[in-house]
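[1] Have a look at this prediction, sequence included:
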Amino acid sequence: MKTDTVQSAYSTFLEQVNQAQVQQVTIGRDFRRDGKAERIDYTLKPEFGRQRYTTRPVGSTDEVVKTLKEQGVQFNLASEPLPTAGIVGLLISSGMMFGALALAAKFSRAGGVGAATSMGKTKARSYGKSKTGVTFADVAGVDEAKQELQEVVDFLANGDKYRQLGAKIPKGVLLVGPPGTGKTLLAKAIAGEAGVPFLSMAGSEFVEMFVGVGASRVRDLFNKAKRQAPCIVFIDELDAVGKTRGGNPTGGNDEREQTLNQLLTEMDGFDGNDGVIVIAATNRPETLDPALRRPGRFDRQVLVDRPDKSGRLEILQVHGRGVALGEDVNLAEIAAQTAGFAGADLANLVNEAALMAARNNRQAVLMADFGEAIERVIAGLEKRSRVLTTAERQTVAYHEVGHALVGALMPGGNRVTKISIVPRGLGALGYTLQMPENDRFLMLEDELRGQLATLLGGRAAEEIVFGKVSTGASDDIQKATDLAEKAVTEYGMSASLGPVAFAKASAQFLDGGSDRRTTSPEVATEIDRQVNLLLNNARSMAIDILRLNRGLLESATQTLLETEVLDGEQLRAMLTQAQAPAELQAWLAGGYSVV
Ligand code: ADP
Ligand code: MG
Ligand code: ZN
């Protein structure tokens, strides 16, 4: 069941809007009052509360619409009367489903407006051909995502070409990335570029109060889509419907699960070649039900990441187009000062600066306005801890270069293709992208050790440079430990234990992880000892490599701090001078003893 809906005073709502606390607003008519009275449903930004609110405006809402536009709050007008969620939400906040059902029945009998039936209909906002008015030119700084999506545009625009060749067109594309990076914008741009209708709906809108409503909305949405094909169905906030099922034994999630099941059924029920492509967006891919990612559903994932410096410049240029910029405004410099900003933050920044200029009765926005606006926006972001302090950036930079440097020398053939200190918000602060030279299915023992050392290289760099480690390496340690554990218990790579598989083959379709088979306490101790040994050896190897190449570690880190991103070419050019310590040379020559 979804979160409760809270009735709030209209004055409170206005205040929340003015304090920029409001995230999303739906203005509609309240069918309980014959559709005459207006009603506003809204949500706050997550940091101000996760509940849904409903309020009844005093007087006309025109004024509100104006303010919402100014504040850049997402809003839409419901095409149909808003369901009873708000009021009922108050009554059943303790989860009395029966009461809700009884009420629903009562409303549908008495309402006359067709309460229950109209509730099932989608509120999907449908835009006609290319009516989204958004094209790829409006989305900047996410070139990789754009490139991948270009293909989707082609599927939609030239579907016949693919059908004639007998090619299967993908059905579902999942846009994954931190909030405000332009996922919604990209989905609209795809529709705009392909010139096809765009049916959009937020996941939270599916999950309504009454069991069955969400499912029927899904059905309705897909029926509409099939009639309009080729078209795009866009499901925003997929995580609201798509969370892993079966989490709640009391059955409190029945509604959401039914909705999700319906979505899965619908996705299985049509063919990508029918001309419907489902695009979904989420900030929280890790919570999604794995069933959503099976082939034939959302089998394509596109990462929409925070922009790097040059990306931020492009976004500033896009949003600066409609603003009178003063002579002294240097967008490149602003881009340099806004590490960690997502597209929405930059759009907000430009707007803040313009407001600042207006407040000062200026004709154009000056650099000083931007300076002040940056401070304001950062203050807002810091609350959500998205912006790194200088010290944090430094730590992250050393850490990532540590991975890259160790990775460059270790066997394993995984060349590092990119390192970045643009915060990602999906867990990691910076990241190092490793690509296997070829698709590898077998890892040699050497390579496994190389992997371990590379994983621990980030932490080792922190140890060497700062004499202490940060919490940022926890994911690396987790991965390294898992790998070492596998080496000992599954791959039989430890001499003292021999080729015995201690891990039971894990059931592929259960998330149970691998259970160890029953072992004697002595063997269990030995397993732990061997895992430990592997990890400690890897750590000291990483430390030795970094000590020997300290100069390189420093210079590469400085470069990374300046550019924020280093790609494979730049890295390789930089790291060719890296030297292998004597023990590594011996190891590479085959002299490394098996633990
Ligand atoms: P998301 O769906 O990823 O949370 P949105 O697409 O809703 O982000 O972005 C909100 C607004 O921020 C957009 O309407 C646009 O004005 C601005 N924006 C976000 N990302 C970009 C981008 N990459 N390029 C240009 N503008 C962007
Ligand atoms: Mg969005
Ligand atoms: Zn790391």
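    Now that the structure is in, tell me what you want to look at. Keep in mind that what you see is a predicted model, and the values were worked out from it rather than measured. Numbering: from 1, shown residues only. Ligands and ions are numbered 1, 2, ... in the order given.
[2] Report how many residues lie close to the residue of the stretch 401-550 of the chain found nearest ligand 3.
    Using CB to the ion, the closest approach of the stretch 401-550 of the chain to ligand 3 is made by G458 at 3.4 Å. Just so you know, the C-beta spots here come from the backbone N, C-alpha and C atoms, and that holds for glycine as well. By other CB atoms under 10 Å, the residues close to G458 number 31.
[3] host element of it?
    Taking DSSP states H and E as the criterion, the element that holds G458 is helix 445-466.
[4] Show me what that helix is packed up against.
    Helix 445-466 sits against helix 390-409, strand 414-420, helix 474-489, helix 521-548, helix 550-563, with contacts defined as 3 or more CB pairs under 8 Å, 6 or more residues apart in numbering; DSSP states H and E.
[5] now it: mean pLDDT?
    The average pLDDT within helix 445-466 is 89.
[6] quick one: P179 and ligand 3, what's the gap?
    Distance, P179 to ligand 3, using CB to the ion, to the nearest Å: 23 Å.
[7] isn't there a helix covering that residue?
    No - remark: P179 does not belong to a helix; assigned using DSSP: H, G, I helix; E, B strand; the rest coil, it is coil.
[8] Can you point out the buried residues in the helix or strand hosting Q317?
    Applying DSSP H and E as the criterion places Q317 in helix 309-320. Using 16 or more other CB atoms under 10 Å as the test for burial, helix 309-320 gives 309-316, 318-320.
[9] again with stretch 254-264
    255-260, 262-264.
[10] I'd like those residues as JSON lines, with secondary structure and pLDDT appended.
    Formatted as JSON lines, these follow (DSSP: H, G, I helix; E, B strand; the rest coil; pLDDT from 0 to 100):
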{"residue": "E255", "secondary structure": "helix", "pLDDT": "72"}
{"residue": "R256", "secondary structure": "helix", "pLDDT": "76"}
{"residue": "E257", "secondary structure": "helix", "pLDDT": "81"}
{"residue": "Q258", "secondary structure": "helix", "pLDDT": "82"}
{"residue": "T259", "secondary structure": "helix", "pLDDT": "83"}
{"residue": "L260", "secondary structure": "helix", "pLDDT": "86"}
{"residue": "Q262", "secondary structure": "helix", "pLDDT": "87"}
{"residue": "L263", "secondary structure": "helix", "pLDDT": "88"}
{"residue": "L264", "secondary structure": "helix", "pLDDT": "89"}
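[11] nearest residue to the closest residue to ligand 1 within the stretch 201-350 of the chain other than its sequence neighbours?
    As assessed by CB to the nearest ligand atom, ligand 1 sits closest to G343 within the stretch 201-350 of the chain, at 2.0 Å. Leaving aside its chain neighbours, G343 sits nearest to G182 (4.4 Å; criterion: CB to CB, 6 or more residues apart in numbering).
[12] wait, doesn't the one you found sit right on R306?
    No - G182 is not in contact with R306 according to CB atoms under 8 Å; the separation is 10.0 Å.
[13] shared neighbours, the two?
    Counting by CB atoms under 8 Å, 6 or more residues apart in numbering, the common neighbours of G182 and R306 are A342.
[14] Return the residues of the stretch 101-250 of the chain in contact with ligand 1.
    139-142, 179-185 (CB under 6 Å from any ligand atom).
[15] among the residues you listed, who's most crowded?
    T181 (30 neighbours).
[16] so who does that residue touch?
    142, 304-307, 342-344.
[17] If we use 10 Å, what do you get?
    Listed by CB atoms under 10 Å, 6 or more residues apart in numbering, the contact set of T181 reads 139, 141-142, 145, 175, 281, 283, 303-307, 311, 315, 342-345, 424-425.
[18] Over to V304?
    Going by CB under 10 Å, 6+ apart, the list of residues near V304 reads 139, 141-142, 144-146, 148-149, 175-178, 180-186, 281, 283, 342-343.
[19] Repeat that for R550.
    Here R550 is in contact with 405, 461, 464-465 (criterion: CB under 10 Å, 6+ apart).
[20] again with I277
    Here I277 is in contact with 152-153, 155-156, 159, 169-173, 190-191, 194, 196, 225, 229-234, 300 (CB under 10 Å, 6+ apart).
[21] Next SSE downstream of the helix or strand hosting it?
    Using DSSP H and E, I277 sits in strand 276-282. Following strand 276-282 in sequence order, the next helix or strand is strand 300-303 (DSSP H and E).
[22] in its sheet, what does that next one sit against?
    Using DSSP bridges, strand 300-303 pairs in its sheet with strand 172-176 (parallel).
[23] I'd like to know the average pLDDT value across the partner strand.
    Here the average pLDDT along strand 172-176 is 91.
[24] Next, the angle strand 276-282 makes with it.
    20 degrees (axes from the mean of the first three to the mean of the last three CA atoms, to 10 degrees).
[25] what's downstream of strand 172-176, the next helix or strand?
    Tracing the chain past strand 172-176, the next element assigned as helix or strand by DSSP H and E is helix 183-194.
[26] quick one: the helix or strand that that next one is followed by to helix 183-194, angle?
    Following helix 183-194 in sequence order, the next helix or strand is strand 198-202 (DSSP H and E). Computed by the same axes, to 10 degrees, the angle separating strand 198-202 from helix 183-194 equals 170 degrees.
[27] Please enumerate the strands of the stretch 51-200 of the chain.
    Remark: strands assigned in the stretch 51-200 of the chain by DSSP state E, counting those that start in this stretch are 52-55, 74-77, 125-127, 172-176, 198-202.
[28] tell me how far the ends of stretch 51-62 are from each other?
    25 Å (CA to CA, to the nearest Å).
[29] swap in stretch 572-579?
    Span of stretch 572-579 from end to end, CA to CA: 13 Å.
[30] what's next to that stretch, contact-wise?
    Contacts of stretch 572-579 (CB under 10 Å, 6+ apart): 401, 404-409, 415-417, 545-546, 548-549, 551-553, 555-556, 559-560, 566, 585.
[31] filter those residues down to the ones close to ligand 3.
    Checked against ligand 3 using CB under 5 Å from the ion, those yield no neighbours at all.
[32] Among these, the buried ones, what's the ChimeraX command?
    In ChimeraX syntax, the buried subset of these is picked out as below (16+ other CB under 10 Å):
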select :401,404,405,406,407,408,409,415,416,417,545,546,548,549,552,553,556,560,566
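[33] Would you mark the buried spots in stretch 569-578?
    Buried-residue list, stretch 569-578, by 16+ other CB under 10 Å: 570-571, 574-575, 578.
[34] Go through these and name the one nearest ligand 3.
    L571 (15.3 Å).
[35] my guess is that closest one meets L552, correct?
    No - the criterion here is CB atoms under 10 Å, and L571 misses it with L552 at 11.1 Å.
[36] list residues touching both of these two?
    401, 405, 408.
[37] what's the neighbour count on whatever residue of the stretch 101-250 of the chain ends up closest to ligand 3?
    Distance from ligand 3 to each residue of the stretch 101-250 of the chain (CB to the ion) is smallest for P178, at 18.3 Å. As a burial measure, P178 scores 19 neighbours (other CB under 10 Å).
[38] now A586
    13.
[39] you'd agree it is in a helix?
    Yes - with three-state DSSP as the criterion, A586 is assigned to a helix.
[40] Quick check: residues of the chain near ligand 3?
    Near ligand 3, when you scan the chain using CB under 5 Å from the ion, you find 458, 476.
[41] Break the chain down into its structural domains.
    5-77, 125-303, 309-379, 390-588 (automatic domain parsing).
[42] centre of the chain versus the first one, how much separation?
    On the basis of CA atoms, centre = their mean, to the nearest Å, domain 5-77 sits 26 Å off its chain's mean C-alpha point.
[43] follow-up on the earlier one: let's see the pLDDT reported for the residue of the stretch 201-350 of the chain closest to ligand 1.
    On pLDDT, G343 comes in at 94.
[44] Enumerate every residue touching it.
    139-142, 177, 180-183, 185-186, 304, 306-307, 311-312, 314-316, 318-319 are the contacts of G343 under CB under 10 Å, 6+ apart.
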